[in-house]
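Peer 1: Fold the following, please.
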Amino acid sequence: MSQIGVIMGSDSDYQVMEEALEVLQQFEVQFEVIISSAQRTLKRTVDWVKGFETQGGMLIIAAAGLAAHLPGIVAGTTKLPVIGVPMSSGAMEGIDALYSIVQMPSGIPVATVGIGAARNAALLAVQILAIQDQALSIKVNDYRAQMLKEIEEKDEALQKQLS
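Peer 2: Have a look, this model is predicted:
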């Protein structure tokens, strides 16, 4: 059973969203991925969201560019938490997608990460799941400890270089 669903509006989003999938694999979180458009394949999108929820999915990451309706359509279709990833595309380079996702109407929230921040979307999803999963919580703590260690090592190397 997949815990996290990842949906993107176009195959062109995959290159960015691959980072999210790598994070989910690193934390050994079960996921499924689908390409489906809010505008071009609305029924398919809604059917997938409802099926994912019915099968016990816990959270959805939705990536979209331009007008970015996909995260909102997903959020309006399910009670599951949705994390939106605005994609850099078009003349506005993702600003339009960011505004579209972050400015959801009252009552239908979508958590939103930065433009193209698929890695952060996956990390946020993992942290949400870790609230009720002790083993996953330990992995998140280990990940954070490793980041701290890497920063300290980089600082130590810089201090040696400067002295």
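Peer 1: Please make it C-alpha for all contacts and neighbour counts, starting now.
Peer 2: OK.
Peer 1: Ile115: neighbouring residues, count only.
Peer 2: When neighbours are counted by other Cα atoms under 10 Å, Ile115 registers 21.
Peer 1: let me redo that: Val113
Peer 2: Neighbours of Val113 using other Cα under 10 Å come to 20.
Peer 1: excluding its backbone neighbours, what's nearest Val140?
Peer 2: Leaving aside its chain neighbours, Val140 sits nearest to Gln127 (7.0 Å; criterion: Cα to Cα, 6 or more residues apart in numbering).
Peer 1: now do Thr112
Peer 2: Looking at Thr112 with Cα to Cα, 6+ apart, the closest residue is Gly84, at 4.8 Å.
Peer 1: per-residue confidence at the residue nearest to Val140?
Peer 2: As predicted, Gln127 sits at a pLDDT of 98.
Peer 1: ok, now the one 4 residues further on?
Peer 2: Among the per-residue scores, Ile131 holds a pLDDT of 97.
Peer 1: hang on, the earlier thing: name the strands paired with the host helix or strand of the residue nearest to Thr112 and say parallel or antiparallel.
Peer 2: For Gly84, the host element (DSSP states H and E) is strand 82-86. In the sheet, strand 82-86 lines up against strand 59-64 (parallel), strand 111-112 (parallel) (DSSP bridges).
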